[in-house]
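# Sequence isn't available, so here's the structure alone:
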């Protein structure tokens, strides 16, 4: 599969997508964050500076780990109003924040209404996607020139939290102006993106792509602003279940 920019140049050819993505897209867009695994929070070993972060494994997530390890602005620093609005939405879901542990050199979670502190490893997986975005917003790693790539961000999330995440992503695009590319297998999440985009009047900013496979490999079809073909694909398993039940 190849993706091209507006003048026909290959942006990336992901034969080894996870390794090459940062280099290829970086040629066309300076500030890229690729979020494919919420458990990346468990890998941070915070020591006091970006250069001091120790990684448990070295792969394409290294730059994201460094971004997550950046210090938030000093107390008293005022975030831009648009970013602050999104941060408030994330706080409403997380009911807490991440802090740096000088003793254990990692990130920990402290609740809004509790003095208890938890290592991020012990947090539920459904909370981590929201904490990832919260951390990157609070320390200034997500800004208006960011390209944010999310691979199946609905994984680990209850359907109601999928709706929350969809609205937060739509608001991030509208308020901050960043570009977002995401993949999903969830009809709940896709429909939530559609509904929230209409609610917040950014339908003209959304485009949908359908993937399919044939003898020549994987193809990417631009379906514009109509996701019905994608919903039809996602409905196929349900049809198969109904056929199997009818046969019994």
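The structure has been received and is ready for your questions. All values reported here derive from a predicted model rather than from experimental measurement.

# quick one: terminal-to-terminal distance for stretch 136-154?
In stretch 136-154, first residue to last residue: 18 Å (Cα to Cα, to the nearest Å).

# Tell me the buried residues in it?
The neighbour-count criterion (16 or more other Cβ atoms under 10 Å) identifies 136-142, 146-154 as the buried residues of stretch 136-154. Backbone N, C-alpha and C define where each C-beta goes, glycine included.

# lowest-pLDDT helix or strand in the chain?
Across the helices and strands of the chain, the lowest-confidence element by mean pLDDT, DSSP states H and E is strand 10-12, at a mean of 36.

# Can you list the residue ranges for strands in this protein?
Chain-ordered strands for the chain, with DSSP state E as the definition, fall at 3-4, 10-12, 31-35, 96-101, 106-111, 117-119, 146-151, 179-183, 209-214, 217-222.

# which non-adjacent residue is nearest the most centrally placed residue in the chain?
The centroid of the chain falls nearest to residue 150 when counting by Cα atoms, centre = their mean (3.7 Å). Nearest in space to residue 150, with sequence neighbours left out and distances taken as Cβ to Cβ, 6 or more residues apart in numbering, is residue 182 at 4.2 Å.

# picking that back up, isn't the residue nearest to the centre of the chain right next to residue 183, touching?
Yes: look at residue 150 against residue 183 with Cβ atoms under 8 Å: they come within range, at 7.5 Å.

# Name the residues of stretch 232-248 that come out as buried.
Along stretch 232-248, the positions that meet the burial threshold by neighbour count (16+ other Cβ under 10 Å) are residue 234.

# Identify the residues contacting that stretch?
Contact with stretch 232-248 is made by 185, 186, 187, 190, 210, 212, as judged by Cβ atoms under 8 Å, 6 or more residues apart in numbering.

# Touching stretch 163-172 from outside, list them.
Contacts made with stretch 163-172 from outside it, assessed by Cβ under 8 Å, 6+ apart, are listed as 85-86, 89-90, 93, 129-130, 133, 142, 148, 150, 153-154, 157, 178, 180, 182, 188-189, 192-193, 195-197, 199-200, 202.

# Just the buried ones among the residues you listed, please.
The neighbour count (16+ other Cβ under 10 Å) marks 86, 89-90, 93, 129-130, 133, 142, 148, 150, 153-154, 157, 178, 180, 182, 188-189, 192-193, 196-197 as buried among those.

# Show me those that map onto helices.
86, 89-90, 93, 129-130, 133, 188-189, 192-193, 196-197 (DSSP state H).

# The residues you listed: which two are farthest apart?
Distances among these were taken as Cβ to Cβ; the most separated pair is 86 and 188, at 21.5 Å.

# How many residues are close by residue 114?
As a burial measure, residue 114 scores 10 neighbours (other Cβ atoms under 10 Å).

# quick one: it from residue 157, how far?
23 Å (Cβ to Cβ, to the nearest Å).

# do residue 239 as well
Shown here: residue 239 relative to residue 157, a distance of 25 Å by Cβ to Cβ.

# ok, now residue 238?
As defined by Cβ to Cβ, residue 238 lies at a distance of 20 Å from residue 157.
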